[in-house]
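A.B. asks: what would the 3D arrangement of this be:
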Amino acid sequence: MLHARTVITNPHFVIRAVDCTDDHTRWSPAEAPPGPQIVLVRRGHFRLDSRGRRFTADPTTGYLHRPAEELRFSHPAGGDTCTSITFIDHALTEGIASAPSPSIRVDPHLELAHRILLRTTADPDFATTEAVIHLLTLALRDQPATTPAPGRADLAAQAREAILANTPASATLVTLARHLNTSPAHLSRTFHHHIGLPISRYRTRVRISQALTRLDQGESHLATLAADLGFSDQSHLTRVLHRELGHPPARIRALLSETPPTGN
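C.D. replies: A predicted model of the protein is given here:
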């Protein structure tokens, strides 16, 4: 079941919070959204078939949709929560049509911009529009230009699923490789080839996303947060967030609490 709630509306775009509770491995019938879209995941993950390419959308990977292109979805891991920005006219869509890939690599800066965007409801004509422009600028820069070559994409996908699910085997590269019946070297090479990031970088990226979610929800006990997410200590968490986002946790929490939240 799909539930979409309009969060922000503007003459040029509509922003919706989308909750999906589907749980199936089969592909959905093809559908074509009404206009150009950018979709970013806040929770969970799902599979997407677009432009002849299949990939996983999760908090580290969003997607772009161009008019008249059909999409199909699969939800093997249960529900998910996304933000969709549908553009009504062409005022802000420069760059979407020429994007080389439907997938968007979501780095920590883009994820933070996404969460801040959802808190700009008080000023949709200026603050929200500026936030959308900033988000698009981040989303369209330095994106992958080619489809990964054939190979053991299933191995990379299994490793990704294990990391997203925080399975005990994903605690180290060696235990994850053993869990997947392969060698650490082969897993490392395969993951980097198909996902576009070293596996260590991807794991850190997932933990940053989880930290942002907790801070967005008002988490103030940084030592607990660090322990829950697998950082060695509070200082390690602070260093990683400052390195990736340019702000310590307290400043990030302040940025996310300047206006009331609009959803999960």
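
A.B. asks: can you tell me the closest non-neighbouring residue to residue 238?
C.D. replies: residue 248 (5.5 Å; CB to CB, 6 or more residues apart in numbering). Any C-beta I mention is one placed from the backbone N, CA and C, and that applies to glycine too.

A.B. asks: helix, strand, or coil at residue 27?
C.D. replies: coil (DSSP: H, G, I helix; E, B strand; the rest coil).

A.B. asks: now do the helices in the chain.
C.D. replies: Ranges of helices within the chain are 108-117, 129-140, 153-164, 173-179, 184-195, 199-216, 222-229, 234-245, 249-256, based on DSSP state H.

A.B. asks: list the buried ones in the first one?
C.D. replies: The one in question is helix 108-117. 108, 110-117 (16 or more other CB atoms under 10 Å).

A.B. asks: ok, now the last one?
C.D. replies: Of the residues in helix 249-256, those with enough neighbours to count as buried (16+ other CB under 10 Å) are 249, 252-253, 255-256.

A.B. asks: again, but for the fourth one
C.D. replies: Of the residues in helix 173-179, those with enough neighbours to count as buried (16+ other CB under 10 Å) are 173, 176-177, 179.

A.B. asks: with the fifth one instead?
C.D. replies: Neighbour counts over helix 184-195 (16+ other CB under 10 Å) mark 187-192, 194-195 as buried.

A.B. asks: how deep is the residue nearest to residue 238 tucked in, by neighbour count?
C.D. replies: 15 (other CB atoms under 10 Å).

A.B. asks: next up, the contacts around it.
C.D. replies: 238, 241-242 (CB atoms under 8 Å, 6 or more residues apart in numbering).
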